[in-house]
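A.B. asks: I'll drop the sequence and a predicted model, then ask my questions.
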Amino acid sequence: MKVTRIALKRLVLGDKQADRVVPPSGFTAQLTIFAAAAMAFLAVFAMALSLASGRLAARWGDELARSSTIRIVAPLDQRPVQTEAALSILETTAGVAYARALDDAEQQALLAPWFGAELDLQALPVPQLIEVIEEDSGFDAAGLRLRLAAEVPGAVLDDHSRWRAPLVAAANRLRLLGWISAVLLGASVAVMVTLAANTALAANAQVIAVLRLVGATDRYIAQAFIRRFTLRAFGGAIIGTVLAMGTVSLLPKASDTAGFLTGLGFQGWHWFLPFLIPLLSAFVAFVATGTAANRALKRLA
């Protein structure tokens, strides 16, 4: 249905006489407002999940794409020598920004969540770890593995590719799922509004017949239903959006030391995006009600 200035003006200002066609309260009004509020509430969370998943995918991709790890698996007496040899190779490897061997305190901190803070590294066969940070151009992992195999037999290169790809793919799929959920919620609003509009039209069949007898056009009658249901959906969506944003603001903030499920809220200008949901809900209701009204009026003709 084409939205014109006249239609928008009528939508906002309304017509007191035409508004009497649609019952101001009752089952259809409550159903429309509740459905719009519930769907908007869920849509905010779907949007938050999608945006957070996008940030997570970008963070995992950036952090893991430029970092690699070399493990020196060798007897304790040979480990320092092989570590120095590996660092020397890395210094002459194109694409390596810098590399450093983790000290005992850093390796102990990495294992503390599983073995406790009092872990004695000498009591476990823990390999020496070397952190490797790549340049933007990256390095030749296959060539580096060949050099390490020839000169440092105890060195094992892990470029994190087997970890990075599944994590980023999972986060991207989670983001897609969030947007699909938002689309399905919008479709659900359209269905609920259509059913409510059809119910109201059927309940007012006699009133519509009288209006036609006194000269009212179908467009005039349809506009009354469109305005009332559009405003109901808009008002309900505002209620649901405000409640959802208040709930999202209470979620745990993002933290490097916290778990995966932190930072699911909005960040920066993304806080303004949920305010589009009431507008979209009103647009969906406008289109759905207009379509339902036109079809119903044709049947009642």
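C.D. replies: Perfect, I can see it now. Being a predicted model, the structure only gives us computed values, none of them experimental.
A.B. asks: now stretch 230-242, how far from the centre of its chain.
C.D. replies: 21 Å (Cα atoms, centre = their mean, to the nearest Å).
A.B. asks: neighbouring contacts of that stretch?
C.D. replies: The contact list for stretch 230-242 (Cβ atoms under 8 Å, 6 or more residues apart in numbering) reads 11, 29, 32-44, 189, 193, 274-275, 277-279, 281-282, 284-286, 289. Heads up, the C-betas are built off the backbone N, CA and C, glycines and all.
A.B. asks: quick one: buried ones out of these?
C.D. replies: 11, 29, 32-33, 35-44, 189, 193, 274, 277-278, 281-282, 284-286, 289 (16 or more other Cβ atoms under 10 Å).
A.B. asks: buried ones in stretch 147-163, by neighbour count?
C.D. replies: Judged by neighbour count using 16+ other Cβ under 10 Å, the buried positions of stretch 147-163 are Arg147, Leu148, Val152, Gly154, Ala155, Leu157, Asp159, His160.
A.B. asks: how far does that stretch sit from its chain's centre?
C.D. replies: Remark: stretch 147-163 is offset 37 Å from the chain centroid, using Cα atoms, centre = their mean.
A.B. asks: what does stretch 211-218 give?
C.D. replies: 48 Å.
A.B. asks: pLDDT of it, averaged?
C.D. replies: For stretch 211-218, mean pLDDT rounds to 78.
A.B. asks: which residues of the stretch 1-150 of the chain fall in helices?
C.D. replies: Secondary structure of the stretch 1-150 of the chain, counting by DSSP state H, counting those that start in this stretch: helices at 5-13, 16-19, 27-65, 79-91, 104-115, 141-151.
A.B. asks: same deal with the stretch 151-300 of the chain?
C.D. replies: 161-203, 205-213, 218-248, 276-300.
A.B. asks: CA atoms only: put stretch 198-211 into CSV for me.
C.D. replies: What follows is stretch 198-211, C-alpha atoms only, in CSV (Å, rounded to 0.1, in the frame of the first residue of the first chain):
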residue,chain,number,x,y,z
ASN,A,198,-10.0,-9.2,10.7
THR,A,199,-11.8,-9.8,14.0
ALA,A,200,-12.6,-6.1,14.4
LEU,A,201,-13.8,-5.8,10.8
ALA,A,202,-16.1,-8.9,11.2
ALA,A,203,-17.4,-7.5,14.5
ASN,A,204,-18.3,-4.2,12.9
ALA,A,205,-19.8,-5.6,9.7
GLN,A,206,-23.2,-3.9,10.4
VAL,A,207,-21.6,-0.6,11.2
ILE,A,208,-19.6,-0.8,7.9
ALA,A,209,-22.8,-1.5,6.0
VAL,A,210,-24.5,1.5,7.5
LEU,A,211,-21.5,3.7,6.7
